[in-house]
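> Take this sequence and fold it.
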Amino acid sequence: GEEFEAALMVDDDLEIPCEDLRRAASAWRRNPDAMVGFYPRLLSPRNNAGSAPPEPGRGDGGAGGGALEYLGPKQVAKRREFNFVLTKAALLHKRYLAAYSSPQTHPPEILAHVDAHMNCEDIAMAMLV
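Next up, the predicted model:
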């Protein structure tokens, strides 16, 4: 059989239809350095109503730090864009699993935050991938 270098992560409370898994595997094979998932999300600079989006590095949401908003499925569908996927159902190269917990590739402060809050592992993995 064909060797498959992907790891499939699926929360124990989910069922993913086989055809969806086949499509995800096909997408992953085309780009094995990406994480392919079923639950896209968007972190976007916060845009106050009536104001222009902030410039990078200035004010809210810029590279210098500031407010980001986390957009869920409805906003992602409306905007038709996303910049990471939740790890609750995703395919990624198996090398990222080892790299995730390695202090050589992932800052320990990130893992400490994930452990302390039992949350944000999706963002931490997306940063790594």
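> which strands and helices sit next to the helix ranked longest in the chain?
In the chain, assigned by DSSP state H, the helix with the most residues is helix 18-30. Secondary-structure packing of helix 18-30 (3 or more CB pairs under 8 Å, 6 or more residues apart in numbering; DSSP states H and E): strand 6-10, strand 36-37, strand 89-93. The way it works is simple: take the backbone N, C-alpha and C, and place the C-beta from them, glycine included.
> which other residues reach that helix?
Contact partners of helix 18-30, identified using CB atoms under 8 Å, 6 or more residues apart in numbering, comprise 4, 6, 8, 16, 34, 36-38, 91-92.
> Just give me the closest of those residues to Asp122.
Gly37 (8.9 Å; CB to CB).
> Surely that closest one touches Leu86?
Yes. With contact defined as CB atoms under 8 Å, Gly37 reaches Leu86; the gap is 6.2 Å.
> of the two, who's got more company?
Gly37 (25 against 21; other CB atoms under 10 Å).
> what are the bridge partners for the more buried one, then?
In this structure, Gly37 bridges to Ala90 when assessed by DSSP bridges.
> what's near enough to touch it?
By CB under 8 Å, 6+ apart, the contact set of Gly37 is 24, 85-91.
> would CSV of those residues with pLDDT and distance to Gln104 be doable?
Compiled in CSV, these are given as follows (pLDDT from 0 to 100; distance: CB to CB, whole Å):
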residue, pLDDT, distance to Gln104
Ala24, 96, 29
Val85, 95, 25
Leu86, 95, 25
Thr87, 95, 21
Lys88, 95, 27
Ala89, 97, 28
Ala90, 97, 23
Leu91, 96, 24
